[in-house]
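Student: My questions are about this predicted structure, shown below with the sequence.
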Amino acid sequence: MYVTSQKPPGAALFERHDDKCETNSFYFSPEAVTLISGLLESLGAIVCEPPQLTERFVSLVGDEDVRTNLRYRQESFSDRKLR
């Protein structure tokens with residue numbers, strides 16, 4: 001979908017796994033969600049805060065600048081929760 005949508009800026013998919021690589025979770029940037037919101041809803045995806053940047057958080061596909069901007073998104077999300 002990312003490629004067929006002409007690689008929209010800000011769209012990215014990441015994967016995070018636990019220490020033993022037994023449990024995976026996926027994070028879609030908000031821009032990526034707009035591309036496939038219907039599919040995500042049908043799969044029971046939920047809104048979550050931006051993930052912590054660790055070595056277990058890897059980029060799978062999408063705009064490489066998203067990872068750089070995640071720290072800002074995480075801070076913004078925390079600010080909204082406090083209000």
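Tutor: Happy to help now that I have it.

Student: for the protein, where's the lowest mean pLDDT among helices and strands?
Tutor: Every helix and strand in the chain was compared by mean pLDDT, DSSP states H and E; the lowest is helix 65-82, with a mean of 66.

Student: ok, residue 70 - how many residues close by?
Tutor: Neighbour count for residue 70, taken as other CB atoms under 10 Å: 19. Glycine gets a C-beta too; all of them are placed from N, C-alpha and C.

Student: so it touches residue 49, yeah?
Tutor: No - in this structure, residue 70 sits apart from residue 49 without contact. The criterion is CB atoms under 8 Å, and the distance is 10.5 Å.

Student: quick one: the strands in this structure?
Tutor: Under the criterion DSSP state E, strands of the chain are mapped to 12-17, 24-28, 57-62.

Student: What's the separation between residue 57 and residue 42?
Tutor: 25 Å (CB to CB, to the nearest Å).

Student: Looking at the two, which one has more neighbours?
Tutor: Neighbours per residue, other CB under 10 Å: of residue 57 and residue 42, the larger number sits with residue 57, 16 against 9.

Student: The more buried one contacts residue 26, correct?
Tutor: No - with contacts counted by CB under 8 Å, residue 57 stays clear of residue 26, the gap being 10.6 Å.
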